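Peer 1: Need coordinates for the below:
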Amino acid sequence: MSEALVRLTFPARPEYLLLARLALSGLARDLPVDEETLADLKLAVTEACGNAVRHAYPEGAEGAVAIAFRLDGERLEMVVEDEGEGIHGEAESDDAHPLESGMGMAIIRAIVDELHVDEGGGGRGTVVRMTKYLPRA
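Peer 2: Here you go, the predicted structure:
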């Protein structure tokens, strides 16, 4: 299967979170994953986008959330980025993750095979990179 890339940017507002799930559903039509795994992946991307909506921008400030889905024959990579306040050196390192005020990051970590949380370019924003290895078709 050749690599596929889908990019989506939407306002950092809760009513737009469904777009992330819909984009993944469309891309996943040809993925070798069962319905339960797809539901888990939709939950993971929704949690990552929800964190950006809730935490990236000061209340009342305008901002955006960007998602990129990359698919090759062996894995699905989902990258969620914002240009908000950022994590300021508190990147993902262990289970006592400072970003985890709730269960979102723990849920994501349980679903995907690889999770990396880093500062965005220039120390601005946050980049959440999630990778799920796919079963062989």
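Peer 1: what pairs with the helix or strand bottoming out on mean pLDDT in the chain, and is each one parallel or antiparallel?
Peer 2: Lowest mean confidence among the helices and strands of the chain (mean pLDDT, DSSP states H and E): strand 4-11, at a mean of 91. For strand 4-11, the paired strands and their directions (DSSP bridges) are strand 64-71 (antiparallel).
Peer 1: List the buried residues for the partner strand?
Peer 2: Within strand 64-71, the residues that qualify as buried are 64-71, counting by 16 or more other Cβ atoms under 10 Å. Using the backbone N, CA and C atoms, a C-beta is placed for each residue, glycine as well.
Peer 1: biggest separation within those, which pair?
Peer 2: For the buried residues of strand 64-71, the farthest-apart pair by Cβ to Cβ is 64 and 71; their separation is 22.9 Å.
Peer 1: which residues of this protein score low on pLDDT?
Peer 2: The model of the chain has pLDDT under 70 over residues 1-2, 4, 87-102, 137.
Peer 1: go again using 80 as the cut-off
Peer 2: Within the chain, the stretches falling below the threshold (pLDDT under 80) are 1-4, 30, 73, 86-102, 123, 136-137.
Peer 1: could you pull out the helices for it?
Peer 2: Taking DSSP state H as the test, the helices found in the chain are 17-27, 35-55, 104-111.
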